[in-house]
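Asker: Below are the sequence and a predicted model; questions follow.
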Amino acid sequence: MEPIYQRRKRERNLIIVFFVFLMITIFNLYFGYFKREKAPEIPPPEVSSVEELSFPEKKTQ
């Protein structure tokens, strides 16, 4: 049976490693996933001009 101080030291080291891993994961998600640039939206192929994208009530009749 190992002495109590060695067991406490090992538990403390495991807790430190766990929290460091947790912080790295949170920062990676925050800067990698939530801060990534959005892809430009491409209009559907059947729309040929910006004029067709406007609302019908705004067109001149």
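Answerer: Alright, I've got the coordinates.

Asker: what about E41, how many neighbours?
Answerer: For E41, the count of nearby residues is 5 (other C-beta atoms under 10 Å). Bear in mind the C-beta positions are built from the backbone N, C-alpha and C, glycine included.

Asker: Angles on the backbone of it, please.
Answerer: When read as degrees, to the nearest 10, the backbone of E41 gives phi -80, psi 130.

Asker: same question, L29
Answerer: Dihedral angles (degrees, to the nearest 10) for L29: phi -70, psi -40.

Asker: Burial check on I16, number of neighbours?
Answerer: 10.

Asker: Tell me the secondary structure at E2.
Answerer: coil (DSSP: H, G, I helix; E, B strand; the rest coil).

Asker: burial of it, as a residue count?
Answerer: Applying other C-beta under 10 Å, we find 8 residues neighbouring E2.

Asker: And it, how far from K35?
Answerer: Noted for E2: a distance of 45 Å to K35, by C-beta to C-beta, to the nearest Å.

Asker: Where does I26 sit, in terms of helix or strand?
Answerer: Per DSSP states H and E: I26 is located in helix 4-28.

Asker: And the contacts of that helix?
Answerer: Under the contact criterion C-beta atoms under 8 Å, 6 or more residues apart in numbering, helix 4-28 has no outside partners.

Asker: pLDDT of that helix, averaged?
Answerer: In this model, helix 4-28 has a mean pLDDT of 94.

Asker: Make 471 the starting number, not 1.
Answerer: Got it, first residue is 471 now, which makes that one helix 474-498.

Asker: Please point out which parts of it sit buried.
Answerer: Within helix 474-498, not a single residue qualifies as buried, counting by 16 or more other C-beta atoms under 10 Å.

Asker: Give me the pLDDT value at P526.
Answerer: 59.

Asker: Tell me how many other residues surround P510.
Answerer: 5.

Asker: Next, it: secondary structure please.
Answerer: Here P510 is recorded as coil under three-state DSSP.

Asker: What does it show for phi and psi?
Answerer: phi -60, psi 140.

Asker: Tell me the spacing between Y475 and R482.
Answerer: Y475 is 10 Å from R482, by C-beta to C-beta.

Asker: Equivalent analysis for V490, please.
Answerer: Per C-beta to C-beta, V490 is found 13 Å from R482.
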